[in-house]
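1. I would like to see how this sequence folds:
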Amino acid sequence: MIHLPGLHGDWTLLAPFRHALNNRARFVETTYPRQPDWTLDDYATAIESALLECEISSGWILGESFSSQVAWSFLHRQQQAGASARFRVEGLILVGGFMRHPWPWGVRLAQASSRRVPLTLLRFLCQLYSRGAKKRFHHCPGAAVEFDEFIQRRANEADRYVITRRYGLIAGNQPAPIARDTKLPVFHLTGAWDPIVPWWHVRPWLRKNCPGYRGTRIIWSGGHNVLLSSPQQSAEQILSWVKETRGVKRET
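-> Next comes the predicted model:
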């Protein structure tokens, strides 16, 4: 199970979800380098290379938020390679993810705001977010340390710059043709309270346009970062989907 992170680009909010999985799956975490000039295909190529270096040649992709766009590019590489693909995607789970974002104007607004937010304010907001998460998940091994790392990694100019560039990749991407050619299992996991990616737009589009679409789970207690806001429910649902499709013939 390969996790591709959200806009922040690393592992620092995953401890509660990892704990909820409780070693019931081989969970592979990825971290993106701060490369502001990378395209989505560059991300996909680097992920494939890193997985193969670790001798991982197949698995499920969890594309979280921004990385749903990376995941579509990853699938496109497999579609183009066909039987000669070096990595075999067994299924895709969009975690707070999407095809083309339903509100491109909102993404551009977020990008413009990201350029202008003072680092002191950004650090303060990250500290508030981390403080609430620490209080809620005080029982989770290693969570407090990772939440502190989240603050440290966010509050610097290089990180802010590359996140701003990722907004541009979202706004300019149109993966609909890839989704329409995707026949392998595609699931959609979302929190009900998600003003960032409106699931009520994503679910109907997938149902109508993606041949591999198998279903959506809306977690009513969850927000946009549903793996953090509802880790246990997210873990149980994801494991259930993987088990449900095990042994079923897959196509790309």
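2. make it CA atoms for all contacts and neighbour counts henceforth
-> Will do.
3. do a quick rundown of the helices in the chain.
-> Per DSSP state H, the chain carries helices over the ranges 15-21, 40-53, 66-81, 104-116, 119-136, 143-154, 157-172, 176-180, 199-209, 226-229, 231-245.
4. what's the neighbour count on the nearest residue to residue 74 once chain neighbours are set aside?
-> Distance criterion C-alpha to C-alpha, 6 or more residues apart in numbering; nearest residue to residue 74, sequence neighbours excluded, is residue 44 at 4.9 Å. Other residues within reach of residue 44, judged by other C-alpha atoms under 10 Å, total 21.
5. what about residue 44, distance to residue 5?
-> 13 Å (C-alpha to C-alpha, to the nearest Å).
6. could you do residue 82 as well?
-> From residue 82 to residue 5 the distance is 26 Å (C-alpha to C-alpha).
7. cool, and residue 12?
-> In terms of C-alpha to C-alpha, residue 12 sits 9 Å off from residue 5.
8. between these two, which one's more packed in?
-> residue 5 (25 against 19).
9. which non-adjacent residue is nearest that one?
-> residue 64 (5.4 Å).
10. contacting residues for that neighbour?
-> 3, 4, 5, 6, 94, 95, 96, 97 (C-alpha atoms under 8 Å, 6 or more residues apart in numbering).
11. filter those down to the buried ones.
-> 3, 4, 5, 6, 94, 95, 96, 97 (16 or more other C-alpha atoms under 10 Å).
12. between those, which is closest to residue 70?
-> Nearest to residue 70 among the buried ones among the contacts of residue 64, counting by C-alpha to C-alpha, is residue 4 at 8.0 Å.
13. nearest residue to residue 71 other than its sequence neighbours?
-> Residue 71's closest residue in space is residue 63 (C-alpha to C-alpha, 6+ apart), at 5.6 Å.
14. quick check: bridge partners of the one you found?
-> residue 4, residue 94 (DSSP bridges).
15. buried residues in the helix or strand bottoming out on mean pLDDT in the chain, which are they?
-> In the chain, the helix or strand scored least confidently by mean pLDDT, DSSP states H and E is helix 119-136, which has a mean of 91. For helix 119-136, the neighbour count (16+ other C-alpha under 10 Å) marks 122, 123, 126, 127, 130, 133, 134 as buried.
16. for these, which one is nearest residue 90?
-> residue 133 (32.2 Å).
17. for that closest one, give its distance to residue 14.
-> When residue 133 is compared with residue 14 (using C-alpha to C-alpha), they lie 11 Å apart.
18. again with residue 162
-> 21 Å.
19. columns distance to residue 70 on top of the buried residues of helix 119-136, output as CSV?
-> Written out in CSV, the entries for the buried residues of helix 119-136 read as follows (distance: C-alpha to C-alpha, whole Å):
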residue, distance to residue 70
122, 25
123, 27
126, 25
127, 28
130, 26
133, 27
134, 29
